[in-house]
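S.K.: Provide a 3D model corresponding to the input given below.
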Amino acid sequence: MAITSRAHAPGGGAVVPPAGPPPGGPPPRGTAWAEGVQRLREAATTEPGRLRIIGAVLAALVLLFGAVTLWQIAGRVGAADDVVGRSQPLSADAASIYRSLADADTASSSGFLAGGDEPREVRERYEKDIANASRLLVSAAANTGADEDSRKQITLLSEQLPRYTGLIEQARATNKQGLPLGGAYLRYANEQMTTQLLPAAQRLYEAETDRLYTDYDDARSLPLAALGAGLLALVALGWAQRRNYLRTNRVFNQGLVTATGASLVVLLWLTVGHTVARSELHTARAEGQESLKVLNDARIASLQARASENLTLIARGAVQTADNKSDKYDVDFTKNMKELDAGLATALRLAEDAGGRAPVTRAADGVKQWKQRHAAARETDLRGDYQDALPQVIGDKDHKDSSGASFDTVDASLEEAVAHEQREFTRAARDGLGALSGLMTGAAVLAAIGAAAALLGIGRRLSEYR
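M.R.: So this is what the prediction gives:
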């Protein structure tokens, strides 16, 4: 049986402990969050409290607009800067690697046809092409970044190029001794070029061009979040001014008008600047990069056609097509010339001004002349008169009107056209980047001014309640 004890007060009365706070005392305290919400609710029941909330929201919206604009424009400026300073130069370098390799192959076959009297300028052209390709491969390896496909092609090119040059030197040395084995070395070197080096260079060019187009798309994408934040800030500022007018019958609040003006300027600057940038970058791609791609392909087709023309004389019918009915190099020449004709027609259509059309037109005229001279030389060779056909292809003091001279005209004209389109691309791309310059700084400054003006405008209203 439990025994309980009770305390007694003096005189025998029991002591009763207090049950809780006396009636009417302060209620238990809640959390800090609950108290903050409660104070906010109480403030919202008075006009000064509502004005403070409105001011804070307006300032936050204006600052949000500025921050989102900075974020999105920074990304587009970075992408546009990559187009101008990184991805397009890398794409151009990859195209130059391809051209240099194809031109080296053409120069080596031209020098081989000349035999022991290889012209010095032909030898120097070959050496210059190899040196240029080697230099650009080193530069591409240093600047291509983490792109695995590009690095794979650069490695392949770096491994195969010394093997190709070794075969060319063997062909040259054997040819000077008058041995027919030199032609076999040269044909094998050409096979290495067409099956290993040029395909790898083409893949490198395509990978770098894909990266360029990705940068284009990133630079031209619409800043929808910034535009939406700007419209939201303007709507909120408009609502606040209308509310102010309805309650005070005052048309303008200087602070709110200033905040509205600053936000409107940023929104217009963003809209116009990005529209101009999109337009210029579109011009750079459509009228510059696309023309460059077509012209590079046309120039490569002309170089391959010239190499095939030379190899037709070197092989003397020893290399046949798969059906053993035609000379392989003569068939390749015809195929390359068709590609060249198609490329020149497209380049002429894409050319936007006389500076771009004139060299393409000269190249097309040179191709017509080249075909005629090649046909005459080929007919002479098929009659068995190799010694007369040779100068019709490579030229000499008695045959200045050779197919080689026509090729030189075509190549020089295409080089001029490429240089013109490169300048047009650079101009348009830089204009696109320039249209965005200053917007980031301007947006930050104007957003800060707008937020401060909104707070000052609401502060003027609050001062009326003191």
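S.K.: so D218 makes contact with D81?
M.R.: No: judged on C-beta atoms under 8 Å, D218 makes no contact with D81 at a distance of 10.9 Å. All C-beta atoms are positioned from the backbone trio N, CA, C, and that covers glycine.
S.K.: quick one: low-confidence ranges for this protein?
M.R.: Applying pLDDT under 70 to the chain flags residues 1-30, 32, 35-37, 39-45, 116, 145-146, 249-251, 317, 396-400, 464-466.
S.K.: which helix in it has the most residues?
M.R.: When the chain is parsed with DSSP state H, its longest helix is helix 47-82.
S.K.: now the helices for the stretch 201-350 of the chain?
M.R.: Taking DSSP state H, counting those that start in this stretch, the helices of the stretch 201-350 of the chain run over residues 224-248, 254-283, 290-315, 328-350.
S.K.: most tightly surrounded among the ones you listed?
M.R.: Mean neighbours per residue, mean count of other C-beta atoms under 10 Å, is largest over these for helix 290-315, with a mean of 24.
S.K.: which elements pack onto it?
M.R.: Packing partners of helix 290-315 (3 or more C-beta pairs under 8 Å, 6 or more residues apart in numbering; DSSP states H and E): helix 88-113, helix 181-192, helix 328-350, helix 354-382, helix 386-394, helix 403-436.
S.K.: circling back to that earlier point, please name whichever of the helices of the stretch 201-350 of the chain is nearest to T209.
M.R.: T209 lies closest to helix 290-315 among those, at 7.1 Å (C-beta to C-beta).
S.K.: what angle separates the closest one from helix 88-113?
M.R.: On the basis of axes from the mean of the first three to the mean of the last three C-alpha atoms, to 10 degrees, helix 290-315 is oriented at 20 degrees to helix 88-113.
S.K.: give me the buried positions along the host helix or strand of I458.
M.R.: In this structure, I458 sits in helix 439-463 according to DSSP states H and E. Neighbour counts over helix 439-463 (16 or more other C-beta atoms under 10 Å) mark 439-440, 442-444, 446-447, 449-458, 461 as buried.
S.K.: ok, now stretch 365-377?
M.R.: For stretch 365-377, burial by neighbour count (16+ other C-beta under 10 Å) applies to G366, V367, Q369, W370, K371, R373, H374, A376, A377.
S.K.: contacts for stretch 358-372?
M.R.: Here stretch 358-372 makes contact (C-beta atoms under 8 Å, 6 or more residues apart in numbering) with 295, 298, 302, 337, 340-341, 344, 347-348, 351, 403, 406-407, 409-410, 413-414, 416-417, 420.
S.K.: quick one: contacts for the closest residue to D431 other than its chain neighbours?
M.R.: Take D431 and drop its neighbours on the chain: the residue closest to it by C-beta to C-beta, 6 or more residues apart in numbering is E280, 4.3 Å away. Residues near E280 by C-beta under 8 Å, 6+ apart: A428, A429, D431, G432, A435.
S.K.: quick check: E280 vs E127, distance?
M.R.: Distance of E280 to E127, computed by C-beta to C-beta, to the nearest Å: 40 Å.
S.K.: N324 now?
M.R.: Here N324 is placed at a distance of 37 Å from E127 (C-beta to C-beta).
S.K.: give me the more crowded residue out of those two.
M.R.: Applying other C-beta atoms under 10 Å to N324 and E127 shows that E127 carries more neighbours, namely 13 against 7.
S.K.: tell me what angle whichever strand or helix holds the more buried one forms with helix 403-436.
M.R.: Using DSSP H and E, E127 maps to helix 120-143. Helix 120-143 and helix 403-436 are oriented at 30 degrees to each other (the same axes, to 10 degrees).
S.K.: quick thing: my sequence starts at 627, can you match it?
M.R.: Understood, numbering begins at 627; the last thing we discussed is helix 746-769.
S.K.: list the buried ones in helix 746-769?
M.R.: In helix 746-769, counting by 16+ other C-beta under 10 Å, buried: V748, R749, R751, Y752, D755, I756, N758, A759, S760, L762, L763, A766.
S.K.: one more: stretch 1047-1058?
M.R.: Neighbour-count burial for stretch 1047-1058 [16+ other C-beta under 10 Å]: E1047, Q1048, E1050, F1051, T1052, A1054, A1055, R1056, D1057, G1058.
S.K.: cool, stretch 790-801 as well?
M.R.: Y790, T791, L793, I794, Q796, A797, R798, T800, N801.
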